[in-house]
Each structure stands twice: as C-alpha cells, then as structure tokens.
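Undergrad: Here is my input; please provide its structure:
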Amino acid sequence: MTPQIGFLIVVFILAVIIFSSFVSVKQGTIVVITVFGKYRRILTPGLNFKIPFIETIYSKISIQNRSVELEFQAVTFDQANVYFKAMLLYSVLDQQEETIKNVAFKFVDERNLMQALIRTVEGSIRAFVATKRQSEVLILRRDIVEHVKEQLDVILEGWGYHLQDLQLNDITFDEVIMKSMSQVVASNNLKAAAENEGQALLITKTKAAEAEGNAIKISAEAERQASQLRGQGVALFREEVAKGMSVAAKEMQQANMDTSVILFTMWTESIKHFAENSTGNVIFLDGSTDAMQQTMKEMMALNQLHSAPVKK
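TA: Presented below is the predicted three-dimensional model:
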C-alpha cells in the first residue's frame, strides 16, 4: 500500500468521524443520548455535537400533540350497556430533562405506552359510568371528561405526558334501549303538543267568552240608552200634547166655544190613526148616536174634573 492510499484512508476516516459528530434535530423533537446504554444527555432542536462511537442516539421523542381514537363499552348502575367513541389528545408534559427521561425509559416502546394509556382511560370512564344510571349518562358528558382528566393527570405526569383533551364523540346504547328512549321522547313531545293545544283552545274560548260578554254589555248599554231616549221622547211628546191642549182650550174659551170639542176631535183622530196604521188588529166601536153621546158625556165629565178648582 502506497503512502498516498494510506493518507486517503486516514482522511476518509477523519471525515466520517467529523460528520458523525454532528447531529441535526428537527423542530418539535428531542433526542436522547446514551453512553454504553446509560443515559447521558438530551439534544434539543437544531445542530448538536456528540462524541463519535461513544455517544449513541437512544430515541427520538416528539413533543408535539398526538391523538388516538378509542372505542369501548361500559355498564351503568342499572345494567345498561353504553358504547363510547372518544378521541384522546395528549403530549409530552414539557422539555425538562427529567420529563424526557420518563418518556424515554418508562415504557419499552410506543405500543406499550398506547396500550397502558388506552386501558387507563377506559378503566376511569367505566368506573365513573358504573355509578350512574342510563338516563344520566347522556347529560354527564362534561362530567365524565372532567373525571377522567382529574384521574389521569397524576398518572400521566409520572409517565412524562399530559392529557390535553378528551372528546366523547359518540355515546350509544343497545338497540332496545335506543328504541325505548325514542318512544319516551316521542311521547313527551306528544304530551307537550297536547298541553299547548289545550292552552291554545282555553285561550281561544276565554277570548271568545270575553268578546261575547263585552258584546252583551255593549248591547245592554245601547238598549238602556235607547229605552231612556224613548222614555224621554214619550215624556216630551206628552208635554207638548198637554201644552197644545192647554193653548187650544184657552182659544176655545176666548171664542165662547165648548172645550169638549177638543176631546171629541182627539178621540176621532185616534180612531182614524188606529184604522190607518193597524195591521190585522180588529177594533170594535159602537157607532150609534147613544154611544157617541155617552162618550161625549164621559169626556166632558173628565174635563170638568180636571178643570175644577182645588179646595184648600
């Protein structure tokens, strides 16, 4: 081997050593370095230096958020099967060295971590649901999430992780239970509709009764006013008749005529009015001379009675 070839080999080995001494770490990733299998240090994102052939990369840990979907079953206090579909969002707690050590060395691999995490979430939810009845589960979605986060925060911190969010996307029951729940909802809706219809009918009838009562009041008031006006009209008519008869009697006296003629004229006018305006009524009158003389005597006697002076 010539000296030139040996020099090139040395240069190549030095180049490999130099290039292997630099490590580029991606953003959102932490690299764990070990020396002969023992933890040594961590490398943060960017360009880092390590001792070639001594320091080795044990693992690359992502500090970004990670998600996993869960599907499992739980049993309520009243023995109803509940089926959950959930989404779990978690991440590394922080970038502290102790936290990264826990993440790197607590579990053998990612599969074992996911298995422990999923089983822990399922166990926490099942323990909570087992104390509730089926009718309470649907309205306790937020309470379930808060219970799980409270239970898991301490456990996950020991693993170097933090539970960011837990979303219960779907909560279902057995088909028989779902059907019965639908029937309950439908019957409640029918009950509410019947109550609303009854209230509407009551309001309608109440308003109609109030309107009818107001109409009766208005009609009675109008009738009262009409009767009052008719009475006032009759009174005014009688007053005018009395005034007319008084004036006519004075004129008859001034003309030296018998005032009984006025009564006779009024009697004949009344008979004429009856004959002209009656509709089917029959009036029997005695048209003889004796009857006329008897009527005249009665009217004159009535006139003399009203014209006689009052004794004090």
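
Undergrad: And the longest helix along the chain, how far out from the chain middle?
TA: The residue-count maximum for a helix in the chain (DSSP state H) belongs to helix 175-254. Computed by Cα atoms, centre = their mean, to the nearest Å, the chain-centroid distance of helix 175-254 equals 37 Å.

Undergrad: try stretch 69-85
TA: 31 Å.

Undergrad: cool, stretch 56-76 as well?
TA: For stretch 56-76, the separation from the chain centroid amounts to 41 Å (computed by Cα atoms, centre = their mean).

Undergrad: Just the helices from the chain, written as ranges.
TA: Remark: helices assigned in the chain by DSSP H are 3-20, 97-105, 110-129, 134-137, 141-159, 175-254, 260-277, 289-307.

Undergrad: This protein - how does it break down into domains?
TA: Per the record, the chain has its domains at 9-62, 66-173, 181-256, 258-305, by automatic domain parsing.

Undergrad: what's the closest of those domains to T2?
TA: domain 9-62 (10.9 Å; Cβ to Cβ). Backbone N, C-alpha and C define where each C-beta goes, glycine included.

Undergrad: which of the domains of the chain sits most buried?
TA: Highest mean neighbour count among the domains of the chain (mean count of other Cβ atoms under 10 Å): domain 66-173, with a mean of 16.

Undergrad: With mean pLDDT as added columns, please give the domains of the chain in a markdown table.
TA: Formatted as a markdown table, these follow (pLDDT from 0 to 100):
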| stretch | mean pLDDT |
| --- | --- |
| domain 9-62 | 85 |
| domain 66-173 | 86 |
| domain 181-256 | 78 |
| domain 258-305 | 66 |
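
Undergrad: Let's have these in CSV, adding distance to T2.
TA: Shown next, in CSV, are the domains of the chain (distance: least, Cβ to Cβ, whole Å):
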stretch, distance to T2
domain 9-62, 11
domain 66-173, 48
domain 181-256, 90
domain 258-305, 158
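
Undergrad: how about those domains, which one is nearest P3?
TA: The closest of these to P3 is domain 9-62. By Cβ to Cβ, the value is 10.4 Å.

Undergrad: and the helices of the chain as JSON lines, adding distance to K60?
TA: What follows is the helices of the chain, written out as JSON lines (distance: least, Cβ to Cβ, whole Å):
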{"stretch": "helix 3-20", "distance to K60": "17"}
{"stretch": "helix 97-105", "distance to K60": "10"}
{"stretch": "helix 110-129", "distance to K60": "11"}
{"stretch": "helix 134-137", "distance to K60": "41"}
{"stretch": "helix 141-159", "distance to K60": "18"}
{"stretch": "helix 175-254", "distance to K60": "46"}
{"stretch": "helix 260-277", "distance to K60": "123"}
{"stretch": "helix 289-307", "distance to K60": "136"}
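
Undergrad: Of the ones you listed, which is nearest P45?
TA: helix 97-105 (12.9 Å).

Undergrad: List of residues touching that closest one?
TA: With contact meaning Cβ atoms under 8 Å, 6 or more residues apart in numbering, helix 97-105 is reached by 30, 32, 39, 41-42, 58-59, 61, 92-93, 158-161.

Undergrad: In strands only, show me the residues you listed.
TA: Judged by DSSP state E, strands contain the following of those: I30, V32, Y39, R41, I42, Y58, S59, I61, V92, Y161.

Undergrad: On the strand side of things, show who the last one bridges to.
TA: The partner list for Y161 in beta bridges (DSSP bridges) reads V92.

Undergrad: centroid residue for this structure?
TA: For the chain, A192 is the residue whose C-alpha lies nearest the centre (Cα atoms, centre = their mean; 12.7 Å).

Undergrad: what's the spacing between that residue and E136?
TA: 22 Å (Cβ to Cβ, to the nearest Å).

Undergrad: isn't L88 right up against R119?
TA: No: counting by Cβ atoms under 8 Å, L88 does not reach R119; the two are 11.9 Å apart.

Undergrad: how about the ones in strands among the contacts of helix 97-105, which pair is most distant?
TA: Distances among these were taken as Cβ to Cβ; the most separated pair is R41 and Y161, at 21.2 Å.

Undergrad: Packing partners of the longest helix of the chain?
TA: Contacts defined by 3 or more Cβ pairs under 8 Å, 6 or more residues apart in numbering; DSSP states H and E place helix 175-254 against helix 260-277.
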